[in-house]
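Trainee: make a model of this:
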Amino acid sequence: MLKLIGAALVLFAGTMIGFVQAARFAERPRQIRHLLHALQRMETEIGYGQTPLPEALARIAQVLPPPLSGLFAETAASLQSASGGTVRDSWEKAFRSGWSATAMRPAERDAMLRLGGTLGGSGREDQLKHLRLAMHQLQAEEAAAREDQQRYEKLCRSLGVLAAALVVILMM
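Mentor: Numbers count the residues shown, from 1 in each chain. Just a heads-up that it's a prediction; the model follows:
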């Protein structure tokens, strides 16, 4: 009886590991899409609303789901504080510290860091060009993420179940 309970627990744990890994593949394109919406909103705030950057980042943070909202909120808070840091420093600090909480990869982070280096340091038109460039890069990454999701999501679930089943068979 104890062996049967142990086998069931191993099977459950292996299955859950597979499902968690599959969820990460599903979460990456969703987060990239949210990031694209955030950049579109930032483009609107800068281009048409002429909103100051800290205020625009705070507004964007309010509509984003976590963990992305934390990246923009931390940047906005850093810019609004009296520390006197540059936009680039605040942006890099927030994105480097909070990136591990996302399901995204270094390619997306690098695109966002390049964007952060140009925000607030040039004219409105130049900032809009850099925003569009970052959006194009993220759209390409989203397409790759969707391909990875289609390719690996089901595989991860199946491997989790099958690996757990193999362990159970070896235990018996």
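Trainee: return the residues in contact with the nearest residue to residue 161 once chain neighbours are set aside.
Mentor: With C-beta to C-beta, 6 or more residues apart in numbering as the criterion, residue 161 has its nearest non-adjacent residue at 5.1 Å, and that residue is residue 15. Heads up, the C-betas are built off the backbone N, CA and C, glycines and all. Neighbouring residues of residue 15 by C-beta atoms under 8 Å, 6 or more residues apart in numbering: 157, 160-161, 164.
Trainee: need the buried ones from the residues you listed selected in ChimeraX.
Mentor: Buried members of the contacts of residue 15, defined by 16 or more other C-beta atoms under 10 Å, are picked up in ChimeraX with:
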select :157,160,161,164
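Trainee: give me the three-state assignment for the residue nearest to residue 161.
Mentor: The local conformation at residue 15, judged by DSSP: H, G, I helix; E, B strand; the rest coil, is helix.
Trainee: okay, it: pLDDT?
Mentor: Looking at residue 15, its pLDDT reads 96.
Trainee: that one and residue 96, how far apart?
Mentor: Counting by C-beta to C-beta, to the nearest Å, the separation of residue 15 from residue 96 is 34 Å.
Trainee: on the three-state scheme, residue 120 is what?
Mentor: Going by three-state DSSP: residue 120 is coil.
Trainee: isn't it right up against residue 53?
Mentor: Yes - the criterion here is C-beta atoms under 8 Å, and residue 120 meets it with residue 53 at 5.3 Å.
Trainee: quick one: list the elements packing against the longest helix seen in the chain.
Mentor: Ranked by residue count under DSSP state H, the longest helix found in the chain is helix 124-171. Counting contacts by 3 or more C-beta pairs under 8 Å, 6 or more residues apart in numbering; DSSP states H and E, helix 124-171 is packed against helix 2-44, helix 106-118.
Trainee: what's the first helix or strand after the longest one?
Mentor: I take that to be helix 2-44. On the C-terminal side of helix 2-44, the closest following helix or strand by DSSP states H and E is helix 53-63.
Trainee: identify the residues contacting that following helix?
Mentor: With contact meaning C-beta under 8 Å, 6+ apart, helix 53-63 is reached by 38, 41-42, 45-46, 49, 51, 69-73, 75-77, 79-80, 87, 119-120.
Trainee: for ChimeraX, what selects the buried ones among the residues you listed?
Mentor: To isolate the buried ones among the contacts of helix 53-63 in ChimeraX, judged by 16+ other C-beta under 10 Å, type:
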select :38,41,42,45,46,51,69,70,71,72,73,75,76,77,79,87,119,120
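Trainee: just how off-centre is the host helix or strand of residue 92 within its chain?
Mentor: For residue 92, the host element (DSSP H and E) is helix 87-98. Mean C-alpha position of helix 87-98 versus that of the full chain (C-alpha atoms, centre = their mean, to the nearest Å) differs by 14 Å.
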